[in-house]
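Asks: Please find the sequence and the predicted model below.
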There are 2 protein chains.
Amino acid sequence: MSIIVLGTAALDTVKTPAGKRREMLGGSAVHFSMGASFFTQVNLVAIVGRDFPKKHIGFLIKKGINLTSLIVEHGKTFRWEGEYRGDLNSALTLSTELGVLSAFRPKVAEHQRHIENIFLANVDPDIQRHLLSMMHKPRLVGLDSMNYWIDHKRKSLMRLMKDVHIFVANDAEARSLSGETNLIKAAKALRKIGAPIIVVKKGEHGVLVYCDDFIFCLPAYPVERIVDPTGAGDTFAGGFMGYLTLVKKINDSSIRKAISYGTIMASFNVEGFGVERTSKITKREVDERLRYFKKITMF
Amino acid sequence: MSIIVLGTAALDTVKTPAGKRREMLGGSAVHFSMGASFFTQVNLVAIVGRDFPKKHIGFLIKKGINLTSLIVEHGKTFRWEGEYRGDLNSALTLSTELGVLSAFRPKVAEHQRHIENIFLANVDPDIQRHLLSMMHKPRLVGLDSMNYWIDHKRKSLMRLMKDVHIFVANDAEARSLSGETNLIKAAKALRKIGAPIIVVKKGEHGVLVYCDDFIFCLPAYPVERIVDPTGAGDTFAGGFMGYLTLVKKINDSSIRKAISYGTIMASFNVEGFGVERTSKITKREVDERLRYFKKITMF
């Protein structure tokens, strides 16, 4: 079993109270891959420019990420610059340069179209739809988005939600798309739009899962020194979807476990800039953190 | 075993998206009593004016609250008027009339001074200190405060924290008193000031407990229809302290259970205006909610 992820590969410039990094490897598909590749083989679908450093390509290959469907195009790689202040919960975007991303039309190698587990990380919902239409036998499809698409391509996004199994949103996005302030009401409203499993990410406050049959709440793993939260949500989704790729049945029990793995993966992400920390996670560290997390949340 | 609580008895006028109520029974000691009286006998130390409706006195007596040390003074009862908008996480204070509260000097009947479990709900730290000094053999002392005292009587508050076992604060207060943004760092800093058990209430995002030996995180009980959050923190503290009053040992295990009871009690509070909902809690409802809460948080 493997997974295919559509999203961005980017060069991120980030300033946080812990320091600053220029043009590090980032992007939704890359952070997702860090979380998911711990569990399963990841196939990345994204676009970068010719200026994308070779060392990043080398790094991803070394991590076992299949780059067959990574397009390298004439032009500049997508760049994002942001800053975190205060409580580190939300980034201030300083600049966004789309570069080659503005004309992105994903391609998927024929043999990759048989992959059954699919994650549509945050890009234009029409591009997400296009990728999904290329896949031959989706077993599990996860979808993420962002406020920009909620505001500008709401209809496309809502239509797409009917064709996925899992919709992942942060609290602000869940509220904005549903028009509900209360997050349980918001999740319920999102479920009515389409996806049977709604995952609301609340950053440092944890996560809420809503399905027809059950709900599930988990606090975030407590991290004392947050270095850079960029990509935490994507890393969470990677751990979550990566674990679900392995299991036979998507049910109450496997979703709980997947959420806890996503939480643990995200906790590593925030401890370093970009993929500095997530690129070095060991099985022992994950097991240890999971054990500790259970201990501090059981009553 | 019983508990004594020092705090306010008030007449609250509250507007929320669910409606408006004028001059309902409220105040920190009253809401605390609603949470604690489910577990143990509560002795209330507070002051009200002659205008305090007799039906409220009758209601409290009927709930089994001991009012021996409730002072009824010439003058007006403490009144608070507030409004909640949007996400219901914080109130906008429209007016505060201290009335008789401005000259409050708590009195405790001699036989009540032997009560071993004490909660100092939010009033002037000097008044909290005064009450504590009257008690003969404190076994378990909990302390709450608010931003006003953190700003205006920081030294008194910090001194008092050294003489209590449990310090309860909401996230904003924990940050403000510690100077730390990260809540784990904040809790650690508060523990250094004094109290060995730090409880940080995060409203709809749950609670964090920090002790030297362990930490504990719990999400809030998910409530879909929040009617009025006023007093949720005090009701939480009531359930938490009320349960601890019953146990032989204050340890990891009893604290976890106490926190879960506090969480359940607070979840009832937000479902009605003032004490409308908490005054009617049955054992069966609490057991049911606790069972459900375990189910939706276990992984």
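Replies: Structure's in. What do you need? Treat the numbers as computed from the prediction; the structure is a model and nothing was measured.

Asks: Now the phi/psi pair for the closest residue to A:Met134 other than its chain neighbours, please.
Replies: Nearest residue to A:Met134, sequence neighbours excluded (C-beta to C-beta, 6 or more residues apart in numbering or on different chains): A:Val108, at 5.1 Å. Heads up, the C-betas are built off the backbone N, CA and C, glycines and all. Dihedral angles of A:Val108 (phi, psi; degrees, to the nearest 10) stand at phi -130, psi 130.

Asks: For A:Val108, list the residues it contacts.
Replies: Shown in contact with A:Val108 (C-beta atoms under 8 Å, 6 or more residues apart in numbering or on different chains): A:4, A:45, A:69, A:131, A:134-135.

Asks: With A:Ile250 instead?
Replies: A:140, A:165, A:197, A:244.

Asks: what does chain A put close to chain B?
Replies: With C-beta under 8 Å from any C-beta of the partner chain as the criterion, chain A comes near chain B at residues A:86-88, A:181-185, A:188, A:202, A:204-206, A:208, A:214-220, A:222-226, A:256-257, A:259-260, A:294-299.

Asks: Which of these are buried? Put it as a PyMOL command.
Replies: Selecting only the buried entries of the residues of chain A next to chain B in PyMOL, with 16 or more other C-beta atoms under 10 Å in any protein chain shown as the criterion:
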select buried, chain A and resi 88+182+183+184+185+188+202+204+205+206+208+215+216+217+218+219+220+222+223+226+256+257+259+260+296+297+299
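
Asks: Which members of the residues of chain A next to chain B are positioned in strands?
Replies: Among the residues of chain A next to chain B, the members found in strands (DSSP state E) are A:208, A:215-218.

Asks: Just the ones of the contacts of A:Val108 in strands?
Replies: Those of the contacts of A:Val108 lying in strands (DSSP E): A:4, A:45.

Asks: Quick check: the farthest pair among the contacts of A:Val108?
Replies: A:Ser69 and A:Met135 (11.8 Å; C-beta to C-beta).

Asks: Quick one: end-to-end length of stretch A:140-158, please.
Replies: Taking C-alpha to C-alpha, to the nearest Å, the first and last residues of stretch A:140-158 lie 18 Å apart.

Asks: Flag the shaky bits of the stretch 51-200 of chain A, pLDDT-wise.
Replies: Of all residues in the stretch 51-200 of chain A, none has pLDDT under 70.

Asks: ok, now which ones touch A:His165?
Replies: Applying C-beta under 8 Å, 6+ apart, the residues near A:His165 are A:140-142, A:195-197, A:250.

Asks: Of these, just the buried ones, PyMOL syntax please.
Replies: Entered in PyMOL, the line below selects the buried ones among the contacts of A:His165, by 16+ other C-beta under 10 Å:
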select buried, chain A and resi 140+141+142+195+197+250
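
Asks: Narrow the contacts of A:His165 to those in strands?
Replies: Among the contacts of A:His165, the members falling in strands (DSSP E) are A:140-142, A:197.

Asks: and the two most separated of the residues you listed?
Replies: Pairwise over the ones in strands among the contacts of A:His165, using C-beta to C-beta, the maximum falls at A:Val141 and A:Ile197, 10.4 Å.

Asks: Overlap of the contact sets of these two?
Replies: By C-beta under 8 Å, 6+ apart, the residues touching both A:Val141 and A:Ile197 are A:165-166.

Asks: from the residues of chain A next to chain B, which ones fall inside helices?
Replies: The members of those that map onto helices under DSSP state H are A:183-185, A:188, A:256-257, A:259-260, A:294-297.

Asks: and those residues as CSV, adding distance to A:Lys54?
Replies: Formatted as CSV, these follow (distance: C-beta to C-beta, whole Å):
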residue, distance to A:Lys54
A:Leu183, 43
A:Ile184, 47
A:Lys185, 49
A:Lys188, 47
A:Arg256, 41
A:Lys257, 37
A:Ile259, 36
A:Ser260, 36
A:Lys294, 42
A:Lys295, 43
A:Ile296, 42
A:Thr297, 43
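
Asks: Looking at these, which is nearest B:Ala174?
Replies: A:Ile296 (17.6 Å).

Asks: That closest one and B:Cys211 touch, don't they?
Replies: No. In this structure A:Ile296 lies outside contact range of B:Cys211 using C-beta atoms under 8 Å: 11.2 Å.

Asks: A:Ile215 reaches A:Val207, doesn't it?
Replies: No. Contact criterion C-beta under 8 Å: A:Ile215 and A:Val207 do not qualify, at 11.0 Å.

Asks: how close does the residue nearest to A:Met134 get to A:Pro138?
Replies: Distance of A:Val108 to A:Pro138, given as C-beta to C-beta, to the nearest Å: 12 Å.

Asks: In contact with whichever residue of the stretch 1-150 of chain A sits closest to chain B, which residues are there?
Replies: Going by C-beta to the nearest C-beta, chain B is nearest to A:Asp87 of the stretch 1-150 of chain A, at 5.3 Å. Contacts for A:Asp87 (C-beta under 8 Å, 6+ apart) come out as A:204, B:181.

Asks: What of A:Gly274?
Replies: A:Gly274 touches A:12, A:14, A:21, A:24-26, A:228, A:230-231, counting by C-beta under 8 Å, 6+ apart.

Asks: Just the pLDDT for it.
Replies: We have a pLDDT of 98 for A:Gly274.

Asks: how about the helices of chain A, start to end?
Replies: Counting by DSSP H, the helices of chain A are A:28-36, A:54-62, A:125-134, A:147-152, A:154-161, A:171-178, A:183-193, A:232-246, A:252-269, A:283-297.
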